[in-house]
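Peer 1: build me a model from this:
(one chain, ligands or ions: 1)
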Amino acid sequence: MQIHSTEIEDCYLIEPQVFKDDRGFFMESYSQKKFEKGTGLHISFVQDNISQSSYGVIRGLHAQRGKSAQAKLVSVIKGEVLDVVVDARKDSPTFKKVVARKLDGVNKQQLFVPKGCFHGFAVLSKDVTFFYKCDEFYDRDADYGIAHDDPEFDIDWLIPVEKRILSDKDKNLPLFNQIITK
Ligand SMILES: Cc1cn([C@H]2C[C@H](O)[C@@H](COP(=O)(O)OP(=O)(O)O[C@H]3O[C@@H](C)C(=O)[C@@H](O)[C@H]3O)O2)c(=O)[nH]c1=O
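Peer 2: Below you'll find the model as predicted:
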């Protein structure tokens, strides 16, 4: 397992070791010991989620507020996404920085999203099965987010505007500057 730092502090790109043989492959999708050694972070995951989406779907950019803030370890089981993290931690040296990485079921790379960052992804393949671990439980009342197309960040989602599929909730998210002020 190789763990690489990114443009956002404590946001890591993780490359699991994949063992291939005649039967297929084997990989450790998470090892607390290796994760801690590579990042220096102690995280206790308490909830795993799976979502399925088709081409053009953009989920995000989401986070949970306050005590319900979640760190997430995100990955793709099948298909390909552009995965995006925005640092919203006012005390972070990388405040407002963006990380965007393609994750897919072949490269099997994972992104670790620290607490206090917004997270989202765009589906680049026909279908995607997305899997992620969270270190806090889902809290509907703490759920919030920012618009995926906030001009402040000008993220290239790699999906033409007319092909984007968003939830009603995500169509009405505010801009970063409307909710995060330093
Ligand atoms: C995220 C979540 C949703 N739900 C429910 C609420 C709702 O009825 C339904 C769909 O929820 P959403 O529309 O919020 O799902 P979704 O848009 O997939 O939300 C997710 O997006 C990605 C980008 C993230 O980073 C996640 O943390 C989460 O915010 O599932 C849970 O019961 N538990 C959960 O942990």
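Peer 1: any idea which element Phe35 lies in?
Peer 2: helix 32-39 (DSSP states H and E).
Peer 1: buried stuff in that helix?
Peer 2: Along helix 32-39, these residues count as buried under the neighbour rule (16 or more other C-beta atoms under 10 Å): Lys34, Phe35, Gly38, Thr39. C-beta: built from backbone N, CA, C; applies to glycine.
Peer 1: what packs against that helix?
Peer 2: If you count contacts as 3 or more C-beta pairs under 8 Å, 6 or more residues apart in numbering; DSSP states H and E, helix 32-39 packs onto strand 2-5, strand 12-15.
Peer 1: so what touches that helix?
Peer 2: Contacting residues not belonging to helix 32-39 are listed as Met1, Gln2, Ile3, Asp10, Tyr12, Ile14, Glu28, Leu41, His42, Ile43, Leu73, Phe112 [C-beta atoms under 8 Å, 6 or more residues apart in numbering].
Peer 1: how about the last one: what's its closest non-neighbour residue?
Peer 2: Meaning Phe112. Closest residue in space to Phe112, ignoring its immediate chain neighbours: Tyr12 at 4.3 Å, by C-beta to C-beta, 6 or more residues apart in numbering.
Peer 1: ok, now which ones touch that neighbour?
Peer 2: For Tyr12, the contacting residues are Ile3, His4, Ser5, Thr6, Gly38, Thr39, Leu111, Phe112, by C-beta under 8 Å, 6+ apart.
Peer 1: derive a PyMOL selection command for the buried subset of those.
Peer 2: Buried members of the contacts of Tyr12, identified by 16+ other C-beta under 10 Å, are gathered into one PyMOL selection as follows:
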select buried, resi 3+6+38+39+111+112
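Peer 1: next up, the contacts around the nearest residue to Ser125 once chain neighbours are set aside.
Peer 2: On the basis of C-beta to C-beta, 6+ apart, the spatially nearest residue to Ser125 that is not a chain neighbour turns out to be Gly79, at 3.8 Å. By C-beta under 8 Å, 6+ apart, Gly79 lies in contact with Asp104, Gly105, Val123, Leu124, Ser125, Lys126, Asp127, Val128, Thr129.
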